[in-house]
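Asks: What follows is a predicted structure for the sequence shown.
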Amino acid sequence: MQSWQPDESLANQLAQQLLLLVTDVQDKERQKLHIQNITNFNNHPDASNYYAYILACLESSDVNLIYIREIAGTQLRNLIKRHFIKSEFNISPEHLQYTRLCGFQALRDSNKKIRESAGTVLAAFAASQVADQQILQKLLELSNTSTTEIAESAMKSLYEFCDEGQVKLVEQTNFPVLEALLNELFLRIDHSSSKVRMYAIRAINPFIFNQPEPLIKRLDLFVEKLSQFSQDSDAKVRKVICEALVLVLDIGAQRMAPQLNSIVEYILKAMNDEDEDVALEACEFWSVFADREENASLLHQYLKFVVPVLLEKMIYSEEEISILDGEDEDASKPDSEKDVLVRGYRSRNVSHQSSADASQENAHPDKEEDLYDDDDDEEDYSEQMWTIRKCAAGALDAFSTLFKDELLTDPSIFLTPLSRLLANKSDWKHQECGILALGAVAEGCRLSMSMHLGSLIPFLAQNLSDNSK
């Protein structure tokens, strides 16, 4: 590895202390003591090397040792961020190199958890002021290895590196690093492993918002590649394709014009995907499309095809109904503001910021939650609450804001599919969906709606007394 050698006694003591963090959790006072002991050790000048050594060199199938190595990786990653971001902890160039080499070694480990922990350590180097080309090159090399498991872990680490280090990569003089990186990522989109394909696309996505020249000149090729994999057998790949298309759309629909027909066809199909996450991400496409006035002429031609699908997606699903049935509703209790607010569905907050922003706020490793950090791909609870029903209503709202009364002027766009929906008078879900749709377009189409008040008011009054749901 290198000339540095650990004090085996100290390494074993540290390993035992790390184990106590995950096993001795019943007594809060003892837990605080364990955390304090780790915090104190983090001030040791060789702390980063000891964590790197434990992560990479203490190989065993013992479950406890896997826990120890994982936590060592978490601590190491946080020390690296403290070094680069807050300058609270100084790691010498020699120790940083030892960490890199240990990270590369652990990325080849037979255990997936260790490979992924090593990946987060290497991704933490993205916090450096200059793009770490040694790590980029090695991750690209490992992501192209014939061993699928190693390639997948390396590609995930590369995605995390790009997500956190996008700004620095974009700012490289004449873009030489980014040029080479994008060339390799485009090749990985064709990889036989669906995970490598997924992370390759996710690694490209953070750069779209900043519109660097090396990506812009490849954007047509990128969209073309996305279209080629639109029928991918892996739902996660299909979802990330939708995410990428939304990001490209957000910087200008004109860039999609050559492939727009096939993209719209794909998005409409994806809205009916059996995987709810894919369907939700596809539905988000329309709110972004309608967010800019200059997109109106391009979007208008698709309204007759999109609006009926949006209405269909606004109907309560069986899962949502079961949640409603499980709620303890009290008819005598006054409705709260959130119960009656119609426009609470406009769009979820899609942030284009890198996760590096959050990393800068959470780089200190001495907080209890950082000791157990898990870089899984789980969505936030707030994301789980964002449903395709709300998303579809938000898109319809966005359409009415963009096109205003024109949305109702041509009956085939909205009024005819709405009438078909409301024709099913025996199903309360269709009636409720129709009311939600009317609320979604009410503000944007105010003038046209006022012309229909004579029929709308009796319809709404009748439904106020409907006790079916």
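Replies: That came through fine.
Asks: Enumerate the positions of stretch 147-167 that are buried.
Replies: Buried positions in stretch 147-167, judged by neighbour count with 16 or more other CB atoms under 10 Å: 149-166. (C-beta placed from N, C-alpha, C; glycine too.)
Asks: err, stretch 425-444, not the other one
Replies: Within stretch 425-444, the residues scored as buried using 16+ other CB under 10 Å are 429-442, 444.
Asks: Output the below-cut-off pLDDT ranges for the stretch 201-350 of the chain.
Replies: For the stretch 201-350 of the chain, the stretches flagged by pLDDT under 70 are 324-350.
Asks: Tell me where it has helices.
Replies: In chain order, the stretch 201-350 of the chain shows helices spanning 213-216, 219-228, 235-250, 260-270, 276-289, 296-300, 303-313, 318-326, 337-340, with DSSP state H, counting those that start in this stretch as the criterion.
Asks: So which elements touch the helix or strand hosting Gly439?
Replies: For Gly439, the element it lies in under DSSP states H and E is helix 428-442. Secondary structure elements in contact with helix 428-442, counted by 3 or more CB pairs under 8 Å, 6 or more residues apart in numbering; DSSP states H and E, are helix 388-403, helix 415-422, helix 446-450, helix 453-464.
Asks: tell me the mean pLDDT over it?
Replies: Mean pLDDT, taken over the full extent of helix 428-442, equals 90.
Asks: now it, how far from the centre of its chain.
Replies: Averaging C-alpha coordinates over helix 428-442 and over its chain gives two centres that are 30 Å apart (CA atoms, centre = their mean, to the nearest Å).
Asks: Can you show me the CA trace of that helix as PDB?
Replies: Only the C-alpha atoms of helix 428-442 are listed here, as PDB (Å, rounded to 0.1, in the frame of the first residue of the first chain):
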ATOM      1  CA  TRP A 428     -67.900   8.800  -6.800                       C
ATOM      2  CA  LYS A 429     -64.200   8.600  -7.700                       C
ATOM      3  CA  HIS A 430     -65.000  10.000 -11.200                       C
ATOM      4  CA  GLN A 431     -67.200  12.700  -9.900                       C
ATOM      5  CA  GLU A 432     -64.500  13.700  -7.300                       C
ATOM      6  CA  CYS A 433     -61.900  13.700 -10.100                       C
ATOM      7  CA  GLY A 434     -64.000  16.000 -12.200                       C
ATOM      8  CA  ILE A 435     -64.400  18.500  -9.400                       C
ATOM      9  CA  LEU A 436     -60.600  18.400  -8.700                       C
ATOM     10  CA  ALA A 437     -60.100  19.100 -12.500                       C
ATOM     11  CA  LEU A 438     -62.500  22.000 -12.400                       C
ATOM     12  CA  GLY A 439     -60.600  23.400  -9.400                       C
ATOM     13  CA  ALA A 440     -57.300  23.000 -11.200                       C
ATOM     14  CA  VAL A 441     -58.300  25.100 -14.200                       C
ATOM     15  CA  ALA A 442     -60.500  27.500 -12.400                       C
END
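Asks: the inter-axis angle of it versus helix 388-403?
Replies: The directions of helix 428-442 and helix 388-403 differ by 30 degrees, with axes from the mean of the first three to the mean of the last three CA atoms, to 10 degrees as the criterion.
Asks: Now do helix 428-442 and helix 415-422, the angle between them.
Replies: Calculated by the same axes, to 10 degrees, helix 428-442 forms an angle of 150 degrees with helix 415-422.
Asks: if we can go back for a sec, from the buried residues of stretch 147-167, which land in helices?
Replies: When DSSP state H defines the helices, the subset of the buried residues of stretch 147-167 inside them is 149-166.
Asks: Just put the helices of the stretch 201-350 of the chain in CSV and tack on mean neighbour count and distance to Phe207.
Replies: Output for those, formatted as CSV (neighbours: other CB atoms under 10 Å; distance: least, CB to CB, whole Å):
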stretch, mean neighbour count, distance to Phe207
helix 213-216, 16, 5
helix 219-228, 17, 10
helix 235-250, 22, 9
helix 260-270, 18, 20
helix 276-289, 24, 18
helix 296-300, 15, 24
helix 303-313, 20, 29
helix 318-326, 10, 36
helix 337-340, 8, 37
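Asks: so the spatially closest residue to His34 that is not a sequence neighbour, which of the three states?
Replies: In space, not counting the residues next to it along the chain, His34 is nearest to Leu20; the distance is 4.8 Å by CB to CB, 6 or more residues apart in numbering. When the structure is split into helix, strand and coil by DSSP: H, G, I helix; E, B strand; the rest coil, Leu20 lands in helix.
Asks: No more questions from me, cheers.
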